[in-house]
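Undergrad: Provided below for reference: sequence and predicted model.
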Amino acid sequence: MTDHTIHATYVQVYNALRDASATLEYLKKEGVAEGVEPHAGAAMWGVRFAAAVLYPLLPCQPGPPVDYDPQKLLELAAHWRDAAFDLGEFALPEPVLRVVREEEGGARVPGSGVQGA
């Protein structure tokens with residue numbers, strides 16, 4: 001294989017991994033009701049890891065969907081279960097809640113209940 005052919009093949013694989021990561025992220029979010037999100041999450045992080053490993057060979061491509069710092073990749077590999085189940089540093093951000101109060105006449109004022117922001 002020529003260098004150009006090898007590079008083009010890496011680009012195809014890298015882009016397929018990025019596409020697979022996006023699809024798995026969608027399935028992870030949509031699969032909550034069916035209980036498949038941990039499986040999709042584990043696969044998603046595995047695919048993201050693979051894309052990050054290839055990225056140094058392809059700086060001409062968009063960055064990987066995960067930090068490609070070697071130390072971060074080792075941490076991801078060691079804590080794949082946390083990533084799959086959204087635990088620890090991989091946890092999803094908590095929703096912002098604010099307290100809302102109700103005035104006489106039905107108008108709401110801060111402090112009378114909990115409301116998602």
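TA: Looks like it came in fine.

Undergrad: what about V99, which SS state?
TA: strand (DSSP: H, G, I helix; E, B strand; the rest coil).

Undergrad: any idea what it is bridged to?
TA: Counting by DSSP bridges, V99 forms beta bridges with V114.

Undergrad: name the surrounding residues that touch stretch 13-22.
TA: M44, V47, R48, A50, A51, L54, Y55, L58, Q61, P62, P64, P65 (C-beta atoms under 8 Å, 6 or more residues apart in numbering). Placement of C-beta: from N, CA and C, glycine included.

Undergrad: take these and keep only those in helices.
TA: Among the contacts of stretch 13-22, the residues falling in helices (DSSP state H) are M44, V47, R48, A50, A51, L54.

Undergrad: make a markdown table out of these and add distance to D69, pLDDT and neighbour count.
TA: Below are the ones in helices among the contacts of stretch 13-22 laid out as a markdown table (distance: C-beta to C-beta, whole Å; pLDDT from 0 to 100; neighbours: other C-beta atoms under 10 Å):
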| residue | distance to D69 | pLDDT | neighbour count |
| --- | --- | --- | --- |
| M44 | 19 | 85 | 24 |
| V47 | 18 | 87 | 23 |
| R48 | 13 | 85 | 24 |
| A50 | 16 | 86 | 17 |
| A51 | 14 | 87 | 25 |
| L54 | 15 | 86 | 17 |
